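In: Fold the following and give me the result.
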Amino acid sequence: MLTIRPAAERGHANHGWLDSNFSFSFADYYDAAHTGFRALRVINEDVVAPQRGFGKHPHRDMEILSYVLSGAVQHEDSMGSREILRPGELQHMSAGSGVRHSEMNPSATEPFHMLQIWLLPNALGIAPIYEQKRFPIQSEPNQLHLLASKDGRDGSFLLHSDAELLAATLTPGGSVTHALRGGYGWLQVACGTVQVSGATLQAGDGLQLASEPTLTVSSETGAEFLLFDLD
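Out: I've put the predicted structure just below:
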């Protein structure tokens, strides 16, 4: 079964320096019909003004992924990590037993645009972890790239959650097919337009997948998307 989560129906908050859209309930936005899906708890699409961002704050027992669409993000945390995250890179943080971090916009002129993702962990109290890596998502289009997995295979991050994350860019006329491990998944369109089973999805749209053995995603005009393969 395929269920579309239209971008226009997401929760929304604009704080001036921060413009956010929430695929699932988050902060002051609550929707009983959209509190998460299996291990997937949060997909926030954030646009942050220059020289602003999320100051140092705590997390624990959550798998956190950040995927930058444009601009750059300055990360700092209580483990001593201090990195710049740019498009084409994925940030993975296991909050585990507890971590404090900040995500700021270092640019004086350009906003940054990113997807912030939270996944429920399958183990509690693990030692916190921070890592980031560049993947050939843009340079190798029309194929799915495994970014995070339950076993860390093929150079992906080891994810302490009952989920795996893949991403792809499609050139005009391109397509990819993926066999879902357990028939459950979530597709999030980052930019462009895709076609799935006769439906057209725009940037910001999500697609919930249940009891679907395989998924084929194509694009007539070009696109970028994330695919969560969920147990």
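In: use CA for all of it now, contacts and neighbours both
Out: Will do.
In: Okay, H113 and N44: tell me how far apart.
Out: 11 Å (Cα to Cα, to the nearest Å).
In: Check L187 too.
Out: 14 Å.
In: ditto for R153
Out: 27 Å.
In: distance between stretch 134-154 and the chain's centre?
Out: Relative to the chain's own centre, stretch 134-154 is displaced by 13 Å; criterion: Cα atoms, centre = their mean, to the nearest Å.
In: and T171, what does it touch?
Out: 141-142, 219-223 (Cα atoms under 8 Å, 6 or more residues apart in numbering).
In: isn't S97 right up against A127?
Out: Yes - with contact defined as Cα atoms under 8 Å, S97 reaches A127; the gap is 5.9 Å.
In: now the contacts of T171 in CSV, with neighbour count and secondary structure?
Out: Converted to CSV, the contacts of T171 look like this (neighbours: other Cα atoms under 10 Å; DSSP: H, G, I helix; E, B strand; the rest coil):
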residue, neighbour count, secondary structure
P141, 20, coil
N142, 24, coil
S219, 23, coil
E220, 15, coil
T221, 13, coil
G222, 19, coil
A223, 23, strand
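In: Not counting its neighbours along the chain, what's nearest R38?
Out: Leaving aside its sequence neighbours, R38 sits nearest to L230 (Cα to Cα, 6 or more residues apart in numbering; 6.9 Å).
In: Spell out the secondary structure type for the closest residue to S197 other than its chain neighbours.
Out: Excluding the flanking residues, the one nearest S197 by Cα to Cα, 6+ apart is T216, at 7.5 Å. Look at T216: counting by DSSP: H, G, I helix; E, B strand; the rest coil, its state is strand.
In: right, and T216 touches V176 too?
Out: Yes - counting by Cα under 8 Å, V176 is a contact partner of T216 at 5.7 Å.
In: could I get the lengthiest strand in the chain in CSV with only the CA atoms?
Out: What stands out as the longest strand in the chain, according to DSSP state E, is strand 184-196. C-alpha atoms of strand 184-196 as CSV (Å, rounded to 0.1, in the frame of the first residue of the first chain):
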residue,chain,number,x,y,z
TYR,A,184,8.1,-1.3,4.6
GLY,A,185,9.7,2.0,3.7
TRP,A,186,9.4,5.7,3.4
LEU,A,187,10.5,7.8,0.4
GLN,A,188,11.2,11.5,0.8
VAL,A,189,11.6,13.7,-2.2
ALA,A,190,14.4,16.2,-1.6
CYS,A,191,14.2,18.1,-4.9
GLY,A,192,12.7,17.7,-8.4
THR,A,193,9.8,15.4,-9.3
VAL,A,194,9.5,11.6,-9.3
GLN,A,195,7.0,9.1,-10.5
VAL,A,196,6.1,6.0,-8.4
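In: Run through the neighbouring helices and strands of it.
Out: Helices and strands touching strand 184-196, as assessed by 3 or more Cα pairs under 8 Å, 6 or more residues apart in numbering; DSSP states H and E, comprise strand 199-202, strand 206-209, strand 214-218, strand 223-230.
In: what's the third one in contact with?
Out: To tie it back to what came earlier, the one meant is strand 214-218. Strand 214-218 is contacted from outside by 170, 173-180, 183, 194-197, using Cα under 8 Å, 6+ apart.
In: For those, which two are the farthest from each other?
Out: Greatest spacing in those, by Cα to Cα: G173 and G183 (25.8 Å).
In: Can you get me a residue count around M114?
Out: For M114, the number of neighbouring residues by other Cα atoms under 10 Å comes to 22.
In: domains for the protein, by residue range?
Out: Taking automatic domain parsing as the domain assignment, the ranges for the chain are 10-134, 145-230.
In: Columns distance to L2 and mean pLDDT on top of the ones you listed, output as JSON lines?
Out: Formatted as JSON lines, the domains of the chain follow (distance: least, Cα to Cα, whole Å; pLDDT from 0 to 100):
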{"stretch": "domain 10-134", "distance to L2": "13", "mean pLDDT": "94"}
{"stretch": "domain 145-230", "distance to L2": "5", "mean pLDDT": "96"}
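In: Right, I'll leave it there.
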